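**Q** quick check, what structure comes out for this input:
(chains A, B and C)
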Amino acid sequence: MSRQAVLCAVGLGIAVIYPLLAPNYLINVGMMVFFVAFIGQSWNIAGGFAGQTSFGHVVFFGTGAYTSTILQVTYGWNPWLAWPAAMLAGGIVGWIIAFLSFRAGLRGSYFALITLAFAEVFRILANSVPFTRGGLGMLIKADQRPINFQFKDPIWIYYIALALCMISLLIAWRLTRNRFGARLVAIRENEDAARALGIDVFAEKVKVLTLSGAMCAAGGTFYAQKYLYIDPSIAFGVDKSVEMLLVSMVGGAGTIFGPLIGSVALTVINEVTRWLASVVPALKNVQPLSLVVYGIMLVLIVARLPDGLMGLFRRKPRHA
Amino acid sequence: MLDPQIIFAGVLNGLLAGGIYVLVAVGLTLIYGVLHIINFAHGSLLMLAMYAVFWLWRLVGVDPYVALPVVTAGAFIFGFVLYRLVIGRFSHGRDENVLLITLGLSIVFDNAALLFFGGETQTIDVPYAGSFVQLGAAFLPLPKLISFGASLLICVILGLYMAKSDTGKAIRAVAKERQGARLVGIDVDNIFAISYGIGIACLGAAACLLMPTFYVTPTSGNAFVLVAFTIVVLGGMGSFIGAAVGGFIIGITEALGGLFLGEQLGQIGISLIFILILLLKPTGLFGSKA
Amino acid sequence: MKKQVTTSVSRRGFVAGTTALAGSLAAPSVLRAQSAAIKVGLIHPVTGFVAYNGQQGRLGGTMAIEDINKAGGIKSMGGAKLEALLGDSQSKVEVGVAEVEKMNEQGVAAYIGCFQSPVTIAATQAAAKYNTPFLVDVAASDVIVNRGLKNTFRLMPGFGVCVDDGIANLGNINKAAGSPAKTAVIVHESGEFGTGTAKLLASKLPLIGIEAKEVIAHDNPTRNFDNIALRIRSIAPDIVMMSNYQNEYMLLARTLFQQKVNVAGFYSILGGGFNYKFVKEMPDVSQYMMDVNHWFNPKSEKAQALKKRVEAGGALFTFEVYLGYSTAMLLADSLERAGSADKAKLTDAIASSTFKAELMPYGPTKFVNGQNQGAKPAVMQSIKGDIEVIAPEEFASAKAVFPKPKF
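**A** Here you go, the predicted structure:
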């Protein structure tokens, strides 16, 4: 077996055993790492592999969260059934946004900004329409049984997050192996050349956004089921868009493990800086300082590792 | 449905609001047009400038309008140095990296401000803040009229500078054709730094004009960023005139949207315009290339 | 305690980080190896958009804990001291919940927090898993106490009670002036608290003979209120009622003043910006504005003393401070009565509490479903650069000025 495969197996093994030994708090941290890696990967597939950077990816997240929550709370659907419905909704929204944007020939920063605008539109709409209960948000009744996609023991949510992350890694891995992925990379490297090679650039981009949207929406449902409450700013706020983008780019956009590495790294930095702030008596009340440090570290990482953290792990970056 | 007097007043309000938007957008579009970067730190830098105006007023008693030249110059220097020491140096010329760096910087600035200035909301009270000019149903506060006028003036000055001065021409050259500019001997890196500096100087001016009627907290600059992006896209990324015209259009749209749809839903007007422009005419009203 | 594990990535840059992370589990217990201090987790948004409010809440809680310890700690537990664990929710639900988990690891006996309703909703839910009591110091939504969670308690009134009280008092004020007010416009922030409050308000105003002509929602943050001012002017209501956060409240008030929008009165329900800073720094703008809000009992000596202390320290005496203080006091009283930090005993002690919050104009505590029934807001008015309480009568320091003179 290749060295990579061995490393993966070991990593997976550790990830599986981890919650059996770790205290609840760390299980929760681990769950967030995999969850963010998962939605980060959804961004990465479109932004990293296909080069279609988006600033408004949260629009898919929120679509998923609201779809499954509304189906559950208002129509009494079982959340496990609402989950695929949410993914479908996310895929459809991805398709629509892609269709409109790419039909208009938007690229690069323009595409990135239009996704931001779509997210804003959705946020404002969610705040204004009655079926989302507007600014009041939606509460999912706590009934912690597995049939309700709610779990008493955090270990199950952790494993679901881990599973989602694994699936996203598999999807990304497949993209490095199949034709679809190759076409995406070609589009990223030089869209016009790709078109000249006979690739239906428009169709491929729409496809990848649809896939990305569905994945991200799955994350939205997961989040709603974990925290049992969503409102327009939680579901469509710009924070999540930034998070998805950040972990992918810091980890290495366009790589399989980029979002995961980025998620781990940023979580570690976050936890360490917060721990420092809580343990050094003079800094006890000084939370903003830990965020200042976080920001500085972010700048330094980008400064030293222009290819993202994955750049540390390979001699030759996977993309130019 | 609505009394034409009210609509007229709304349009005037929008124009006045647009005055500030224009300055913020002009800075952003300049930075984008020349450096091709989306400056994620724009909101945070505006906030820092606003604090500068506040502290000058609180500690030294300087009227915000009098402080304008000082704050603008200081902002230019800050932006120039920031680009030279951090952004330019660390980005290795890659656009995605600049994005992350400006994002990191915004986190640093926001939280440093929180750390040193505290989270309390600060306002400036100038004696003429209560004065207004009445035109029919429109009550136009004096500070907003001043900011409108000053904003126009600054845009004209900046426009002339860009058109007539050597540096201005160099900036436009770099914006149009980076490699070519380098070939004719223009110090492109220096131009980048200058452009970034000018962009931030615009924020400095905006801060002075904004403080009499707004407030400053460590997160107060962010309120203007999305609308600034919309204006930049509407006007055409990199187009100076576009940002100016776009600023006023957005101001009016916001006002009318608010009047007709209700304030919350009216905000949707801005995002919808954004989307429509991008879908129908991505280069914006005055932009040149997609 | 379970064994510590390093995470799967084991490259140079990360080793230091992960060992530090693993060490964080050991560190607290090593550093705090004194006699069993009772840990209390304080979770507030001390960074982000509402950092100021979060810091004020934390200030109140920590001051109370200091005072409790100075007075000898929990006497029924052998003088055990309280130890505050300070958490930052960063205004995010997942971070707030992560803090709940982290503090649970560190063995907290109870939580206090979280200012924002969404974070509070999720955090109390998370704490319920461990049956740890969660005392809500500030958070307006009534959803918090309507979920049947046995661990959640809130000393202050929710927006339901504030609206009811506010309406009743407005009715009185209006009647006393000869009922000049017949119409109102409601302006609210578009989040949980503003929307909920506005909805209730609009439905109950007719009960006192006032028609809500329009309900205007606005975003957080809002860049300018000129258009809302215009709209209000064109509707020409008798009363403008606001429910929003600090900055928007202040900006709206200022805009209405600058644009000379004249009404019979401003009557806000949980107006976020109505405080001493606003009233002192903008006396002209704030003159005669009325607010229904959490307020301390002006006749309480303890409250006045605390106010002086807080102001001497350079801070403002805002409601987050005295509610945070009172909530911590409630906790201490309950610990005293329970005689132990055992979760079940403590929860029972809180649930059966009849604690009298000396700083607040409440009677003795009485919790039903976690909500203190005796809690109520007060009605304040800004008069000549100071804040007077105009209702309830037993705490009033001045009579209402209504209708107010024109700008």
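**Q** alpha carbons only for contacts and neighbour counts from here, please
**A** Noted.
**Q** flag every residue of chain A that's near chain B.
**A** Within chain A, the positions near chain B by C-alpha under 8 Å from any C-alpha of the partner chain are A:100-101, A:104, A:106-107, A:109-110, A:113-114, A:117-118, A:120-121, A:124-125, A:128, A:246, A:249, A:286, A:288-289, A:291-296, A:298-299, A:302-304, A:306.
**Q** same question, the stretch 51-200 of chain C
**A** By C-alpha under 8 Å from any C-alpha, the residues of the stretch 51-200 of chain C that approach chain B are C:51-52, C:190.
**Q** switch to 10 Å and redo it
**A** C:51-56, C:187-190 (C-alpha under 10 Å from any C-alpha of the partner chain).
**Q** just give me the least confident of those.
**A** Note: of these, the lowest pLDDT belongs to C:S190, at 86.
**Q** about what we covered before: in helices only, show me the residues of chain A next to chain B.
**A** Under the assignment DSSP state H, those contribute A:100-101, A:109-110, A:113-114, A:117-118, A:120-121, A:124-125, A:128, A:246, A:249, A:288-289, A:291-296, A:298-299, A:302-304 to helices.
**Q** returning to that earlier point: in ChimeraX, select just the buried ones from the residues of the stretch 51-200 of chain C next to chain B.
**A** If you want just the buried ones from these in ChimeraX, going by 16 or more other C-alpha atoms under 10 Å in any protein chain shown, the selection is:
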select /C:51,52,53,54,55,56,187,188,189,190
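**Q** of the residues of the stretch 51-200 of chain C next to chain B, which are in range of chain A?
**A** Among those, the residues lying close to chain A (C-alpha under 10 Å from any C-alpha) are C:51, C:55, C:189-190.
**Q** and B:S195, what does it touch?
**A** Contacts for B:S195 were tallied using C-alpha atoms under 10 Å, 6 or more residues apart in numbering or on different chains; they are B:27, B:30-35, B:76, B:79-80, B:83, B:167-168, B:171-172, B:175, B:189, B:201.
**Q** where exactly do the helices run in the chain?
**A** Just so you know, I chose chain A. Here chain A has its helices, by DSSP H, at A:3-21, A:24-44, A:58-73, A:79-103, A:108-128, A:154-175, A:179-189, A:191-196, A:201-227, A:232-236, A:238-251, A:258-279, A:287-304, A:310-313.
**Q** my bad, the chain I had in mind was chain B
**A** Per DSSP H, chain B carries helices over the ranges B:4-35, B:42-55, B:68-82, B:88-90, B:95-117, B:142-164, B:166-176, B:178-183, B:188-210, B:225-235, B:240-261, B:263-280.
**Q** most packed of the helices of chain A?
**A** Highest mean neighbour count among the helices of chain A (mean count of other C-alpha atoms under 10 Å in any protein chain shown): helix A:58-73, with a mean of 28.
**Q** in the stretch 301-407 of chain C, which spans are strands?
**A** All strands of the stretch 301-407 of chain C, identified by DSSP state E, counting those that start in this stretch, fall at C:367-368, C:371-372, C:378-383, C:386-391.
**Q** what does the first one rub up against?
**A** Applying C-alpha under 10 Å, 6+ apart, the external contacts of strand C:367-368 come out as C:145, C:153-155, C:350-354, C:373-375.
**Q** now the helices of chain A as JSON lines including mean pLDDT?
**A** Formatted as JSON lines, these follow (pLDDT from 0 to 100):
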{"stretch": "helix A:3-21", "mean pLDDT": "90"}
{"stretch": "helix A:24-44", "mean pLDDT": "95"}
{"stretch": "helix A:58-73", "mean pLDDT": "96"}
{"stretch": "helix A:79-103", "mean pLDDT": "96"}
{"stretch": "helix A:108-128", "mean pLDDT": "91"}
{"stretch": "helix A:154-175", "mean pLDDT": "95"}
{"stretch": "helix A:179-189", "mean pLDDT": "94"}
{"stretch": "helix A:191-196", "mean pLDDT": "93"}
{"stretch": "helix A:201-227", "mean pLDDT": "96"}
{"stretch": "helix A:232-236", "mean pLDDT": "93"}
{"stretch": "helix A:238-251", "mean pLDDT": "92"}
{"stretch": "helix A:258-279", "mean pLDDT": "86"}
{"stretch": "helix A:287-304", "mean pLDDT": "85"}
{"stretch": "helix A:310-313", "mean pLDDT": "79"}
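**Q** which part of the stretch 51-200 of chain B gets nearest to chain C, residue-wise?
**A** B:G119 (4.4 Å; C-alpha to the nearest C-alpha).
**Q** tell me which helix or strand the residue lying closest to that residue once chain neighbours are set aside sits in.
**A** Leaving aside its sequence neighbours, B:G119 sits nearest to C:Y52 (C-alpha to C-alpha, 6 or more residues apart in numbering or on different chains; 4.4 Å). Following DSSP states H and E, one finds C:Y52 within helix C:51-70.
**Q** and for C:I38, the neighbour number?
**A** C:I38: 21 surrounding residues under other C-alpha atoms under 10 Å in any protein chain shown.
**Q** contacting residues around it?
**A** C:I38 makes contact with C:73-74, C:77, C:80-84, C:107-110, C:335, C:340-341, according to C-alpha under 10 Å, 6+ apart.
**Q** filter the residues you listed down to the buried ones.
**A** Among the contacts of C:I38, those classed as buried by 16+ other C-alpha under 10 Å are C:73-74, C:77, C:80-84, C:108-110, C:335, C:340-341.
**Q** excluding its backbone neighbours, what's nearest C:H218?
**A** B:Q264 (4.6 Å).
**Q** shaky segments in chain B?
**A** Low-confidence segments of chain B (pLDDT under 70): B:1-2, B:92-93, B:288-290.
**Q** burial of the nearest residue to A:V292 once chain neighbours are set aside, as a residue count?
**A** Of all residues not flanking A:V292 in the chain, B:V108 sits nearest, at 4.4 Å (C-alpha to C-alpha, 6+ apart). B:V108: 26 surrounding residues under other C-alpha under 10 Å.
**Q** so what's B:V108 up against?
**A** By C-alpha under 10 Å, 6+ apart, the contact set of B:V108 is A:288-299, B:41, B:44, B:102, B:114.
**Q** in the chain, which residue is closest to the centre?
**A** By default, I'm working from chain A. Nearest residue to the geometric centre of chain A (C-alpha atoms, centre = their mean): A:I39, 1.5 Å.
**Q** actually chain C
**A** Geometric centre of chain C, nearest residue: C:V138, 2.7 Å, by C-alpha atoms, centre = their mean.
**Q** the nearest residue to that one once chain neighbours are set aside and C:A123, how far apart?
**A** In space, and not counting its chain neighbours, C:V138 is closest to C:F115: 4.7 Å by C-alpha to C-alpha, 6+ apart. Distance of C:F115 to C:A123, given as C-alpha to C-alpha, to the nearest Å: 11 Å.
**Q** return every residue with contacts to both of these two.
**A** C:43, C:89.
**Q** who's more crowded, the two?
**A** Under the criterion of other C-alpha under 10 Å, the comparison of C:F115 against C:A123 puts C:A123 first, with 28 against 24.
**Q** need the contact list for A:Y66.
**A** By C-alpha under 10 Å, 6+ apart, the residues touching A:Y66 are A:60, A:72, A:86, A:89, A:126, A:131-132, A:137-138, A:217, A:220-221, A:224, A:230-232, A:235-236.
**Q** for B:A163, that is, sorry about that
**A** By C-alpha under 10 Å, 6+ apart, B:A163 lies in contact with B:157, B:169-172.
**Q** can you narrow those to ones near chain A?
**A** Counting by C-alpha under 10 Å from any C-alpha, the subset of these that neighbours chain A is empty.
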